[in-house]
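S.K.: Compute the structure for the input listed below.
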Amino acid sequence: MVTIEDFKYVLTLWKERELPEFITRNIKLDFNLNKIITIAGVRRSGKTYTEFQNIKMLLAGGVTKDNIVYVDFENERLVGTRAIDLDNLLVAHSQMFNSNGKVYLFLDELQNVENWDKWVRKIYETGKYHIIITGSSSSLLSKEIATALAGRNISYTVHPFSFREFLSAKGIKVENTHEYSTSRGKILKALDEFLEYGSFPEVTLASTHDAKRNILSSYFDAIFFRDIVKRYGIRETGELNIFLKIIVSNYASYFSSVKSYNYFKSIGFKISRITILKYLEYSRSVFLIEVLEPYLKSARKRFAHRSKSYVVDMGISRLFSDIDRGRALENAVYFELLIRNGYSEDIHYMKLESGKEIDFLVGDREKEIIQVSYTVADLKTKQREISAIVEAAKKLGLRKGTVITYDYKGKEYMDGIEISYTPFWVWASGI
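M.R.: The predicted structure follows:
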């Protein structure tokens, strides 16, 4: 049993703690919705620091620390906490703090508490608390949160750094004048690192290539063993290990369970397509990959077509394969779009009648056409991108499209359609 004294010990740590320095993330929690807030995402993406950022905002807005509680349930004093023990947390807080009005409860790694959801629902109904929950992706998944809290929650997903956050972590400030100055070289060097080693916060701040690889390797192992193998009770891990290496290496590419099945068969593994699809879903559930579906009005037809997969961080892929900079740029664009839009349902790829393809069709009512081309120096490549945009724009009744490049900027018109070429670093940094 975890006692009041145990919680007093943990709350004393919180009371005396200074908030750490952090890179400001573009995630502002909305406390006005009167919902339980859950923060999800791939491990080590910065969920706890997102809590600290929002705590700092509350303090700056006049909320006193007496009205803010932060508890890390991985603290050794809280091992074995049961839902029935959690009332002791509230008792300890009332004894130690002089709160007035609603209390903000930041509960980190709450999945370690058995039947946590029943207790959270109980205190939520009192109307006395704002409740914010985070947990490792292995034990607190978005689908399970929605089931456990039955519509009482709003969920935020934390990804590794966006490119703007990445630059901020590097101490690089992007301004309009950088397009025309030698400072552009510094930004492009940062972009090269972003495309090769990804943007997990700890990796971003690591100073050497070896350190980055070691950190990334530890992340992959944790996702593999703790988030998937342990969670889903997988005994024979060889097939899963191969599958994950394949899926993270083939980023920004079509996923085919048939091709995966044939590959496993060719190397002597007997594995069903159903198992392969399960592995795909496991990978999605722990945020290791995201899947992009085609733009089709019929859901039945959409599910019948191939999807494309994108890896959450290029650094993970680099552990097992060389980086293809064209596909890496497309992967980066996808996650920038996902961070901006918040909903993967608003992003699709589009297959055209001519056989050409639009990389990203973004938005619901107001749609935006985006192609990704690392370079347009080759006239054949440039013509392919332009003709696809023109065909799609005419089909959708749009007047323009964008080609995101590594560093080329320009504008031209074809058949009345405006084609804008925008460097990724300009587009992603919002200048």
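
S.K.: Can you tell me which helices and strands whichever strand or helix holds Lys122 packs against?
M.R.: In this assignment (DSSP states H and E), Lys122 forms part of helix 116-126. The contact analysis (3 or more CB pairs under 8 Å, 6 or more residues apart in numbering; DSSP states H and E) places helix 116-126 against strand 129-134, helix 142-149. For glycine as for every other residue, the C-beta is placed from the backbone atoms N, C-alpha and C.

S.K.: Centre of the chain to that helix, how far?
M.R.: Remark: helix 116-126 is offset 27 Å from the chain centroid, using CA atoms, centre = their mean, to the nearest Å.

S.K.: List the buried residues for that helix?
M.R.: Buried residues in helix 116-126, counted by 16 or more other CB atoms under 10 Å: 116-117, 119-120, 123-124.

S.K.: Any idea which of the helices and strands packed on helix 116-126 has the lowest pLDDT on average?
M.R.: Lowest mean pLDDT within those: helix 142-149, at a mean of 68.

S.K.: helix/strand/coil for the residue sitting nearest the centre point of the chain?
M.R.: The chain has His159 as the residue nearest its centroid, 2.7 Å off, counting by CA atoms, centre = their mean. Taken by DSSP: H, G, I helix; E, B strand; the rest coil, the conformation at His159 corresponds to coil.

S.K.: And it, how far from Val403?
M.R.: Using CB to CB, to the nearest Å, His159 is found at 24 Å from Val403.

S.K.: Also Lys47?
M.R.: 34 Å.

S.K.: which one of these two has more residues nearby?
M.R.: Legend: neighbour count by other CB atoms under 10 Å for Lys47 and Val403, higher for Lys47 (25 against 22).

S.K.: residues contacting the more buried one?
M.R.: With contact set as CB atoms under 8 Å, 6 or more residues apart in numbering, Lys47 has these partners: 39-41, 134, 158.

S.K.: Where does the prediction get shaky in the stretch 301-431 of the chain?
M.R.: By pLDDT under 70, the low-scoring segments of the stretch 301-431 of the chain are 301-304, 343, 431.

S.K.: Let me see the contact set for the residue lying closest to Lys265 once chain neighbours are set aside.
M.R.: Excluding the flanking residues, the one nearest Lys265 by CB to CB, 6 or more residues apart in numbering is Ile271, at 8.0 Å. Listed by CB under 8 Å, 6+ apart, the contact set of Ile271 reads 239, 261, 264-265.

S.K.: Go ahead and report the secondary structure state at Ile271.
M.R.: coil.

S.K.: ok, it to Tyr232 distance?
M.R.: Distance, Ile271 to Tyr232, using CB to CB: 15 Å.

S.K.: Can you spell out the domain ranges of the protein, please?
M.R.: Following automatic domain parsing, the chain resolves into domains at 4-158, 166-429.

S.K.: what ranges do the helices span in the stretch 201-350 of the chain?
M.R.: 201-205, 209-222, 230-232, 238-249, 257-266, 273-285, 299-304, 314-318, 325-341 (DSSP state H, counting those that start in this stretch).

S.K.: list the helices and strands the longest one packs on?
M.R.: Packed against helix 325-341 by the contact rule (3+ CB pairs under 8 Å, 6+ apart) you find helix 183-197, strand 289-292, strand 307-311, helix 314-318, strand 347-351, strand 357-362, strand 368-372, helix 424-429.

S.K.: Now do the buried residues in it.
M.R.: Within helix 325-341, the residues that count as buried by 16+ other CB under 10 Å are 327-339.
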